[in-house]
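S.K.: model the structure of this input:
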Amino acid sequence: MDTMRRSKVVDGRTREVAIIRCAHANASAYEINQHVPRIASAEGLTEEEWTAIMAWPEADGLSDHDSAVVAYADALARSPDVPDAVYDRMAAHFTTEQIVELTLIISFYCMHARFIGALDIDPEPPRPAST
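M.R.: Okay, here's the model as predicted:
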């Protein structure tokens, strides 16, 4: 996990967009509480942005870049068969190396959410943002 979080291939803010959407798509209160608001804020996301990430596609306010990541994370959380149109949106914003890394991050956090859910691990309380 630390290796993924320290990678310079994908910036921390983009990584958090993917993780938050994956956590939401998998109904993982544990992961959401771990990342929102503390890590999300530290990586530069605002409350309005993480709310929009979780409310997507109904919510407005995401950039094309963030919306592409959210759509990709959402599609990958539901099936390994990502629609071409969703992948093409990613390719418009990211290099192949970045897409590979985001795929790894999303897949890992989907597995993590399912592992926690299957074992019925109680979510920890939300961690406050750093001041």
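S.K.: contacts and neighbour counts: CA atoms only from here.
M.R.: OK.
S.K.: what's Arg13 in contact with, if anything?
M.R.: Taking Cα atoms under 8 Å, 6 or more residues apart in numbering, we find Arg13 in contact with 40, 43-45.
S.K.: in helices, which of these fall?
M.R.: Ala40 (DSSP state H).
S.K.: hmm, who's touching the helix or strand containing Ile53?
M.R.: Under the criterion of DSSP states H and E, Ile53 resides in helix 47-55. Contact with helix 47-55 is made by 17, 20-21, 24, 36-37, 40-41, 59-62, 70, as judged by Cα under 8 Å, 6+ apart.
S.K.: now, those residues that are in helices?
M.R.: Going by DSSP H, the helices hold 17, 20-21, 24, 40-41, 70 from the contacts of helix 47-55.
S.K.: residues near the residue lying closest to Glu16 once chain neighbours are set aside, how many?
M.R.: What sits nearest to Glu16 in space, not counting adjacent residues and going by Cα to Cα, 6 or more residues apart in numbering, is Ala40, at 6.0 Å. Applying other Cα atoms under 10 Å, we find 25 residues neighbouring Ala40.
S.K.: same check on Ser79?
M.R.: By the measure other Cα under 10 Å, the count of residues near Ser79 is 9.
S.K.: flag the shaky bits of the chain, pLDDT-wise.
M.R.: Residues of the chain that meet the criterion pLDDT under 70 lie in 1-6, 125-131.
S.K.: please redo it, this time with the cut-off set to 80
M.R.: Low-confidence segments of the chain, defined by pLDDT under 80, are located at 1-7, 123-131.
S.K.: tell me where the longest helix sits in it.
M.R.: As assigned by DSSP H, the longest helix anywhere in the chain is helix 96-118.
S.K.: distance of Gly117 from Gly61?
M.R.: Distance of Gly117 to Gly61, given as Cα to Cα, to the nearest Å: 30 Å.
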